[in-house]
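J.: show me the folded form of this:
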Amino acid sequence: MAVHAHPDDESSKGAATMARYVDSGAEVLVVTCTGGERGSVLNPNFEGRADVQENMAEVRRQEMARAVSILGVQHHWLGFVDSGFPEGDPLPPLPADSFGLIDPDLGIQRLVEVIRRFRPHVMTTYDENGGYPHPDHIQVHVISVGAFEKAADPEYHPELGEAWRVLKLYYDVGFNPARFNAIDAVLHQRGLESPFAEWREHQAERAQKREEEGRRDPKVTTQVNVAEWFERRDQALLAHATQVDPQGWFFGVPLDIQQEAWPTEDFELVTSYVDTSLPEDDLFAGVRERVVA
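T.: Got it, this is the predicted structure:
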């Protein structure tokens, strides 16, 4: 089970890993916590389209359905409302109906019900910084960690289903600086320009803020080789047509260079109830032996 904030997050974070496991016969469920109703139109081809802006919620649902079909995963909407992405200094308040403002226990309850019904062995989500500091991403972390723990407690809302222990919890580390450094090195070797200059500036600012606030950097413990599934990942991301510029930085590196420079998707193992050893190359390390046994 992969828990995400908005439609398109599943395709930009861990999508190739999900596709690999689907192809190997695993059941994979994406839980999307909000409808992405307040998403911006980031594809210039859709700018000024009133039919998109006025029907954003339905557009996002249709885009999500296409991405789900491409990846081959199952999907569940958790039913909360997108907070938008507040910008400015000071930051403006979130809209009153926002996911970022909900009582976390409400989100935990909804997610516990899904966990107990789907009964996953492995769960992925965002770290305490949200991967990046979007209020919805941080809320995803809060309810995911809470639901991971509470789903196994038979005394926690037994009406939500029979208690279920998820065996492993991971944080996605998609924006691993080492990955971008490796890709840049190959681009340089081939005499090509890196598309990551602006991204690096933002990351440097965020890293400095993390250090000032005493927050930790993500740690990579698990790298899953999924180069063969990068193309499918990209197809799923492009299915979110209003949100993704096909000429943007995400697609600025030829696929063969990505596969050569960094063929993995990266995760941090947070909790495991099975025996495993680090580093790992498989989210199901230790789980397979337990389930087969």
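J.: look at residue 252 and report its pLDDT.
T.: Residue 252 carries a pLDDT value of 89.
J.: so it makes contact with residue 192?
T.: No - taking C-beta atoms under 8 Å as the definition, residue 252 is not a contact partner of residue 192, at 9.5 Å. Backbone N, C-alpha and C define where each C-beta goes, glycine included.
J.: need phi/psi at residue 79.
T.: Residue 79 adopts backbone torsions of phi 100, psi 20, taken as degrees, to the nearest 10.
J.: please renumber the chain so that the first residue is 17 from this point on.
T.: Right, with 17 as the first residue, what we last looked at is residue 95.
J.: got the CA coordinates for the helix or strand of the chain with the lowest mean pLDDT in CSV?
T.: Across the helices and strands of the chain, the lowest-confidence element by mean pLDDT, DSSP states H and E is helix 213-228, at a mean of 74. What follows is helix 213-228, C-alpha atoms only, in CSV (Å, rounded to 0.1, in the frame of the first residue of the first chain):
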residue,chain,number,x,y,z
ALA,A,213,19.7,24.0,-11.6
GLU,A,214,16.5,25.5,-10.3
TRP,A,215,15.6,22.3,-8.4
ARG,A,216,19.0,22.4,-6.8
GLU,A,217,18.4,25.9,-5.6
HIS,A,218,15.1,25.0,-4.0
GLN,A,219,16.7,21.9,-2.4
ALA,A,220,19.6,23.9,-1.0
GLU,A,221,17.1,26.3,0.6
ARG,A,222,15.1,23.5,2.1
ALA,A,223,18.2,21.8,3.4
GLN,A,224,19.4,25.0,5.1
LYS,A,225,15.9,25.4,6.7
ARG,A,226,15.9,21.8,7.9
GLU,A,227,19.3,22.4,9.5
GLU,A,228,18.2,25.7,11.1
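J.: just checking, what packs against that helix?
T.: helix 193-205 (3 or more C-beta pairs under 8 Å, 6 or more residues apart in numbering; DSSP states H and E).
J.: and the strands in the protein, which stretches?
T.: Ranges of strands in the chain, per DSSP state E, are 18-20, 45-50, 90-96, 138-141, 184-188, 238-241, 280-288.
J.: just checking: what are the partner strands of the last one?
T.: So that's strand 280-288. Looking at strand 280-288 with DSSP bridges, its partner strands are strand 184-188 (antiparallel), strand 238-241 (antiparallel).
J.: what's the most buried one of those?
T.: Here the criterion is mean neighbour count by mean count of other C-beta atoms under 10 Å, and of the strands paired with strand 280-288 the winner is strand 184-188, at a mean of 24.
J.: show residues contacting that strand.
T.: Here strand 184-188 makes contact (C-beta atoms under 8 Å, 6 or more residues apart in numbering) with 18, 29-30, 137-143, 147, 160-161, 164, 234, 238, 282-290, 292, 299, 302-303.
J.: output it as CSV - backbone C-alpha positions only.
T.: C-alpha atoms of strand 184-188 as CSV (Å, rounded to 0.1, in the frame of the first residue of the first chain):
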residue,chain,number,x,y,z
LYS,A,184,7.1,-3.0,7.2
LEU,A,185,6.8,0.8,6.9
TYR,A,186,8.9,2.8,4.5
TYR,A,187,9.4,6.5,3.7
ASP,A,188,9.8,7.4,0.0
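J.: and it, average pLDDT?
T.: For strand 184-188, mean pLDDT rounds to 98.
J.: distance of residue 39 relative to residue 269?
T.: Separation of residue 39 from residue 269 (C-beta to C-beta, to the nearest Å): 24 Å.
J.: so which of the two has more stuff around it?
T.: residue 269 (20 against 12; other C-beta atoms under 10 Å).
J.: nearest residue to that one other than its sequence neighbours?
T.: Computed as C-beta to C-beta, 6 or more residues apart in numbering, the closest residue to residue 269 that is not its neighbour in sequence is residue 199, at 5.7 Å.
J.: burial count for the nearest residue to residue 203 once chain neighbours are set aside?
T.: Spatial nearest neighbour of residue 203, chain neighbours left out: residue 210 (5.2 Å); criterion: C-beta to C-beta, 6+ apart. By other C-beta under 10 Å, 17 other residues sit near residue 210.
J.: then residue 291?
T.: Residue 291: 9 surrounding residues under other C-beta under 10 Å.
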